[in-house]
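Asks: Dropping a prediction and its sequence here:
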Amino acid sequence: MSRTSFSAVALLACLVLSGCCSFEREWRNCQSYAQDSDGLAGCWEGTWLSDYNGHNGRLRAVITKQDEHTYHANFKATYWGFIPFQFDLPMHVQEHEDGTSFEGTIDLGLLAGGDFSYSGQADATQFSANYQAAKDYGTFIMTRPGTCVDCNEE
């Protein structure tokens, strides 16, 4: 392997691992606090499923409130059962008597599918969303940690 190729692989590994480590730190911190009983904020875990090609995997999220109508979601997913993928989404929310609805669009970049749109709803224990990108569409289904019945384990 040439020195340039080795450097590129080492840089890529550092970028992937640093993103994963920061998510894991957020996840541990999130689990040590009480979950928001009537909002989106907190830890969530479950699965994602592509209705386009059937791919699926584990999904976890740490969601934090930014202001009355905006949350930030840091997602970590697995692809093909072992490849980690991490992404951040702004969530525009509306509170309702029976839960919260949310939606948004973000450009994840060419390699991650470009424009990514999503909408969904959540209550104190259940989170469900539909997503759509240029070449994919599907669902996210999550619950609070410790309440998940059908979640895949790593």
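Replies: Looks like it came in fine. Residues are numbered from 1 along each chain as shown.

Asks: Near residue 122, how many other residues are there?
Replies: By the measure other C-beta atoms under 10 Å, the count of residues near residue 122 is 21. Every C-beta, even on glycine, is put in place using the N, C-alpha and C of the backbone.

Asks: mind listing what it touches?
Replies: 40, 99, 100, 102, 128 (C-beta atoms under 8 Å, 6 or more residues apart in numbering).

Asks: Keep only those of those that are in helices.
Replies: The helices, defined by DSSP state H, take in nothing from the contacts of residue 122.

Asks: and these as TSV, adding pLDDT?
Replies: Formatted as TSV, the contacts of residue 122 follow (pLDDT from 0 to 100):
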residue	pLDDT
40	88
99	90
100	94
102	97
128	98
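
Asks: So which of these is the closest to residue 90?
Replies: Of all the contacts of residue 122, residue 90 sits closest to residue 102, with 9.8 Å by C-beta to C-beta.

Asks: Export the contacts of residue 122 to CSV and append columns for distance to residue 57 and neighbour count.
Replies: Formatted as CSV, the contacts of residue 122 follow (distance: C-beta to C-beta, whole Å; neighbours: other C-beta atoms under 10 Å):
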residue, distance to residue 57, neighbour count
40, 22, 23
99, 25, 18
100, 25, 19
102, 22, 24
128, 16, 14
